[in-house]
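1. Prediction below, plus the sequence it came from.
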Amino acid sequence: MKNILIINAGQSFAHSSGRFNKTVTENTIAFFEKFDSVEIKVTHIADGYDNDEEVQKFVWADYIIYHTPMWWFQVPNAFKKYIDEVFTAGHRTGIYHSDGRRSENPDINYGTGGMLQGRKYMVTSSWNAPKTAFTLLGEFFNQTSVDDGPLFGFHRMNAFASLEKLESFHFHDVEKMQTYYVIWKPTKNTLTTYLRHN
């Protein structure tokens, strides 16, 4: 049995309704429900949550799947609040024990005090920006990928808790091109590979 925690970080704000990431979350749930060897728990951040219960979900999970929009090149405010509250509640209760350093040599081993060893995570993000904004010379993100640029800190946060990174998926140009249906098929194929081989 594999335990999968799915976190939907979509929210309604300004001209965004949160519908895209809700749809991605619903399709992820439907995909995994086809497997008898999988148990699923889901958090919709916009619906509210209990910090301690969320900590226990991370401890319970073998895989954590984050679905988030990107607003102003960062995760939404409610998702950042969730991370701050839940990871802080997880101090010495399942997510991290310390920053990993020892007083006799505090210059080394920062970020090695996580408690979620053996667990893996993946993230999908959704963008108005086209993929070419990240890949073409002279375009906005200076040929820096989503994972090495806007989500760099997010990935280090997960590493701090000792979570292992799986391949990310990024939905680009969602307001103009509606790329969800183009990308979802290879996303499903990779999820199947993860489920069978990890």
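-> Okay, I see it. Numbers count the residues shown, from 1 in each chain.
2. farthest residue from the center of the protein?
-> If you look at how far each residue of the chain sits from its centre, by Cα atoms, centre = their mean, the farthest one is E104, at 34.7 Å.
3. Next one: it, what pLDDT does it get?
-> Note on E104: pLDDT of 95.
4. Likewise for V24?
-> V24 is assigned 89 on the pLDDT scale.
5. Spit out the contact partners of the closest residue to Y66 other than its chain neighbours.
-> Nearest non-adjacent residue to Y66, counting by Cβ to Cβ, 6 or more residues apart in numbering: V123, 4.3 Å away. In this view, the C-beta of every residue, glycine as well, is placed from N, C-alpha and C. By Cβ atoms under 8 Å, 6 or more residues apart in numbering, the residues touching V123 are I65, Y66, H67, T68, L151, F154, S168, F169.
6. Which of the residues you listed sits closest to G100?
-> Closest approach to G100 among the contacts of V123 (Cβ to Cβ): F154, at 19.0 Å.
7. My read is that the closest one contacts F73, right?
-> No. Under the criterion of Cβ atoms under 8 Å, F154 makes no contact with F73, lying 11.7 Å away.
8. Please identify which of those two sits among more neighbours.
-> Counted by other Cβ atoms under 10 Å, F154 and F73 do not tie: F154 has more neighbours, with 22 against 13.
9. Can you list phi and psi of that one for me?
-> As for F154, its main-chain torsions (degrees, to the nearest 10) stand at phi -60, psi -40.
10. T43 too?
-> The phi and psi values for T43, taken as degrees, to the nearest 10, are phi -120, psi 120.
11. which residue packs closest to it, ignoring adjacent ones?
-> Leaving aside its chain neighbours, T43 sits nearest to I7 (4.9 Å; criterion: Cβ to Cβ, 6+ apart).
12. Give me the pLDDT for that neighbour.
-> I7 carries a pLDDT value of 98.
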